[in-house]
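Chemist: the sequence and its predicted three-dimensional model are supplied below.
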Amino acid sequence: MSVKIRLQRHGKKGKPFYWIVAADARSKRDGKFLEKLGTYNPNTNPATIELDIEGSVKWLQNGAQPTDTAKGLLSYKGVMLKHHLSGGVRKGAFSEEEAEKKFQAWLDEKAGLVTAKVDGLAKAEADVKAKALDAEKEVNEARKAAVVEAEEALKVLQAQAVAEVAAANAVEEVEEVVAEVTEETTTEVAAETAPEVAADESTEEKTAE
């Protein structure tokens, strides 16, 4: 029986989640499988891979062929390296202990790289958040400055309006005073002129007689 190590899709639409399985090469992609070897979640950054390394190595030793994608995941977790080291042990190139040391050294180096990547992503995310916060602060400061400027402009306009109203009231008061003075002056002049007119009329009457 030909065996494939491949991915079996699960998860929601737009958010796939995969099982890494050993299955008969003749079975459908998402059909029955012989053994579940792990999971692969591409929705995280970095992607999350859980894998039974020993079980995967056994399937490879029994002739299972991984698909290209599965092979990449197996290599990422060190399965392909351990399979290679196991072949070296069988051929007598080095001992089981030496193979385990080499594999552990590779795991330690890989863990360092993964940690560095995670730290880098965390720092990049923190930088993005900091920049977004600074931009938000700038917007808020600009908004506050605009509000203050608008309030100052409103105060100026209000002051101008008050001044214009005061000036208009002053003009009305002056016009009223002028009108009163004119009326008083006209009345006084009429009063002073009236006796003279009466005297002139009396003189004319006497002359006529």
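Modeler: Received the coordinates, thanks.
Chemist: and the gap between the residue most central in space within the chain and K28?
Modeler: With the centre of the chain defined as its mean C-alpha position, the nearest residue by C-alpha atoms, centre = their mean is A132, 6.5 Å away. Using C-beta to C-beta, to the nearest Å, we find A132 at a distance of 46 Å from K28. (C-beta placed from N, C-alpha, C; glycine too.)
Chemist: residue boundaries of the strands in this structure?
Modeler: Taking DSSP state E as the test, the strands found in the chain are 3-12, 15-24, 35-41, 48-51, 65-66.
Chemist: so what's L74 closest to, chain neighbours aside?
Modeler: Beyond its immediate neighbours in the sequence, the residue positioned closest to L74 (C-beta to C-beta, 6 or more residues apart in numbering) is M80, lying 5.3 Å away.
Chemist: how far away is that neighbour from A111?
Modeler: Using C-beta to C-beta, which is the criterion applied here, M80 is 17 Å from A111.
Chemist: who's more crowded, these two?
Modeler: Set side by side, M80 and A111 show more neighbours around M80, with 18 against 10, by other C-beta atoms under 10 Å.
Chemist: spit out the contact partners of that one.
Modeler: Going by C-beta atoms under 8 Å, 6 or more residues apart in numbering, M80 touches L60, K71, L74.
Chemist: pLDDT value on the nearest residue to N45 once chain neighbours are set aside, please?
Modeler: Of all residues beyond its chain neighbours, the one nearest N45 is L121 (6.1 Å), with distances taken as C-beta to C-beta, 6+ apart. On pLDDT, L121 comes in at 74.
Chemist: isn't L121 up against A47?
Modeler: No. Counting by C-beta atoms under 8 Å, L121 stays clear of A47, with 12.0 Å between them.
Chemist: pLDDT below threshold where in this structure?
Modeler: For the chain, the stretches flagged by pLDDT under 70 are 1, 189-209.
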